[in-house]
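> only the shape, not the letters, is given here:
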């Protein structure tokens with residue numbers, strides 16, 4: 001299926017989800033940011049109930065893990 005919506009982290013400005021898709025419990029999407037520098041973040045993760053965890057590619061800065069909860 002298709003994933004749409006807005007994501008935010010901390011007190012930052014929400015950004016639209018781009019190229020989002022869902023397959024079973026697996027989820028992927030991208031988000032463009034401008035601060036601290038322009039880049040496109042590429043997320044992939046797994047949904048378990050109201051929780052989400054996975055990794056995000058940070059352009060030339062490698063990758064990091066992330067977690068989230070349904071609001």
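Nice, thanks for sending it over. Everything numeric here is computed off the predicted structure, so don't read it as measured data.

> identify each buried residue in the biggest strand by length in the chain, please.
Scanning the chain for the longest strand, with DSSP state E as the assignment, gives strand 39-48. Within strand 39-48, the residues scored as buried using 16 or more other CB atoms under 10 Å are 39, 41-43, 45, 47. Yep, even glycine has a C-beta here, placed from its N, CA and C like the rest.

> please name the bridge partners of residue 65.
Per DSSP bridges, the residues bridged to residue 65 are residue 55.

> in this structure it contacts residue 58, no?
No: under the criterion of CB atoms under 8 Å, residue 65 is not in contact with residue 58, lying 11.2 Å apart.

> and residue 16, what pLDDT?
Residue 16 is assigned a pLDDT of 88 by the prediction.

> tally of neighbours for it?
13 (other CB atoms under 10 Å).

> just give the closest residue to residue 46, not the sequence neighbours.
residue 25 (5.3 Å; CB to CB, 6 or more residues apart in numbering).

> could you give the number of residues near residue 35?
Other residues lying near residue 35 total 8 when counted by other CB under 10 Å.

> between residue 65 and residue 58, tell me which one has more neighbours.
residue 58 (14 against 9).

> any idea how far that one lies from residue 29?
15 Å (CB to CB, to the nearest Å).

> how far is stretch 47-56 from where the chain is centred?
Offset of stretch 47-56 from its chain centre (CA atoms, centre = their mean, to the nearest Å): 10 Å.

> buried residues in that stretch?
Result for stretch 47-56 [16+ other CB under 10 Å]: buried residues 47, 52, 54, 56.

> run the chain-centre distance for stretch 15-33.
From the chain centre to the centre of stretch 15-33 is a distance of 6 Å (CA atoms, centre = their mean).

> ok, stretch 49-58 next?
The answer for stretch 49-58 is 7 Å, by CA atoms, centre = their mean.

> in contact with the residue nearest to the spatial centre of the chain, which residues?
For the chain, the residue nearest the mean C-alpha position is residue 43 (4.3 Å; CA atoms, centre = their mean). The contact partners of residue 43, taken as CB atoms under 8 Å, 6 or more residues apart in numbering, are 27-31, 54-57, 66.
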